[in-house]
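Undergrad: have a look; sequence and predicted model below, questions after that.
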Amino acid sequence: MANTIGIQLEVDTKEVKDAGVQVDKFTKTIDGADDALEGLNIELDKTGKKAKKTTKDIDGLERSTRGTKKGFDETSASTKKAKDKLEEINLTSQTEKRDYSLPNFFYNPVYSEKIYLLNINPSPHIRLFLTAIDTWEKNIIFGNGIKSFRVDCSKLQSLEYNLGEDIMKFKKNRLCSNHPHNYYLEILTETGIVGFFIFLILGLLFIFFILKNLKVFKKNNIENFVLLGSTISLILEIIPFKVSGSIFTTNNTTYIILLLAIILSYRKLVN
């Protein structure tokens, strides 16, 4: 009996020791977990500090980027101002060196350039007149052909010329249309000096005819009123410095020829 009890005590004692060993192992495991958790907290703190530092770096980089962009914008603005100033100086220099003799006085864009310097915009008709002079210089003697203006003006578009409606600085601002909207410029650019000279001679002969027969206007009758009205209408129609239609179109030519026919028909009254 005593042996059995002793054996049982030894077994219990061994189990207690084994349990103590297990407790020690568990305690060590818990201590290891605490150490690992503490290390993790330390790493988290380090990561948080790094994140804050990274955020500060990003903020500094954004401020630096904004400063760089601002500096770039200022530099671009300064460069643009300097470029505009240089173009203005070149333009002024070229304007001072221009030849103002005919036909260069009309051909070069001095008029438009001076308008820009005065901050005044040329009217569309002025731009059309300048376009007519530019196209005329392609063939001064014989012109470019009847109704050629609509084709030749479109060929002017280049870096030197601006054919758009908007005014552009330091460019020859022109417009393109079916005709120059001036009888004399249309004759000049489409028939050249030769055609213009022929039209001029015919016009002078007709004016001489009217002046020679002024006594017809002194008579007070219905025929003379018609003659006077036709003569005044013709003079108003062919005034050089005004906007007009195309002399080579059916309507305008018919109107002018009709007035001429009415006036010439009264020659029998003189005779």
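TA: Looks like it came in fine. The structure presented is a predicted model; accordingly, all values stated were derived computationally and were not measured.

Undergrad: which residue ranges of the stretch 51-200 of the chain form strands?
TA: 161-162, 172-173 (DSSP state E, counting those that start in this stretch).

Undergrad: distance of Ile222 from Leu228?
TA: Using CB to CB, to the nearest Å, Ile222 is found at 11 Å from Leu228. All C-beta atoms are positioned from the backbone trio N, CA, C, and that covers glycine.

Undergrad: rewinding a little: single out the most deeply packed of the strands of the stretch 51-200 of the chain.
TA: strand 172-173 (a mean of 22; mean count of other CB atoms under 10 Å).

Undergrad: now that one: mean pLDDT?
TA: For strand 172-173, mean pLDDT is 88.

Undergrad: direction included, what does it pair up with?
TA: strand 161-162 (parallel) (DSSP bridges).

Undergrad: contact partners of the strand it pairs with?
TA: Asp134, Met168, Lys171, Lys172, Asn173, Arg174 (CB atoms under 8 Å, 6 or more residues apart in numbering).

Undergrad: any idea how this protein splits into domains?
TA: Listed domain ranges for the chain are 1-97, 101-271 (source: automatic domain parsing).

Undergrad: and the first one, average pLDDT?
TA: Okay, so that is domain 1-97. 67.

Undergrad: what of stretch 178-186?
TA: Mean predicted lDDT for stretch 178-186 stands at 93.

Undergrad: ok, stretch 232-242 next?
TA: 88.

Undergrad: list the buried residues in it.
TA: Neighbour counts over stretch 232-242 (16 or more other CB atoms under 10 Å) mark Ser233, Leu234, Glu237, Ile238 as buried.

Undergrad: coming back round to it: which of the domains of the chain is buried the deepest?
TA: domain 101-271 (a mean of 15).

Undergrad: kindly export stretch 58-68 (C-alpha atoms) in PDB.
TA: In PDB, the C-alpha atoms belonging to stretch 58-68 read as follows (Å, rounded to 0.1, in the frame of the first residue of the first chain):
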ATOM      1  CA  ILE A  58       6.000  66.500 -50.400                       C
ATOM      2  CA  ASP A  59       4.800  69.900 -49.100                       C
ATOM      3  CA  GLY A  60       8.200  71.400 -49.700                       C
ATOM      4  CA  LEU A  61       8.300  69.900 -53.100                       C
ATOM      5  CA  GLU A  62       4.900  71.400 -53.900                       C
ATOM      6  CA  ARG A  63       6.000  74.800 -52.700                       C
ATOM      7  CA  SER A  64       9.100  74.500 -54.700                       C
ATOM      8  CA  THR A  65       7.100  73.500 -57.800                       C
ATOM      9  CA  ARG A  66       4.700  76.500 -57.400                       C
ATOM     10  CA  GLY A  67       7.700  78.700 -57.000                       C
ATOM     11  CA  THR A  68       9.300  77.300 -60.100                       C
END
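
Undergrad: where does pLDDT dip in the stretch 101-250 of the chain?
TA: 101-121, 216-219 (pLDDT under 70).

Undergrad: quick one: the residue lying closest to Pro180 once chain neighbours are set aside and Phe208, what's the gap?
TA: Spatial nearest neighbour of Pro180, chain neighbours left out: Ala132 (3.7 Å); criterion: CB to CB, 6 or more residues apart in numbering. For Ala132, the distance to Phe208 equals 28 Å [CB to CB].
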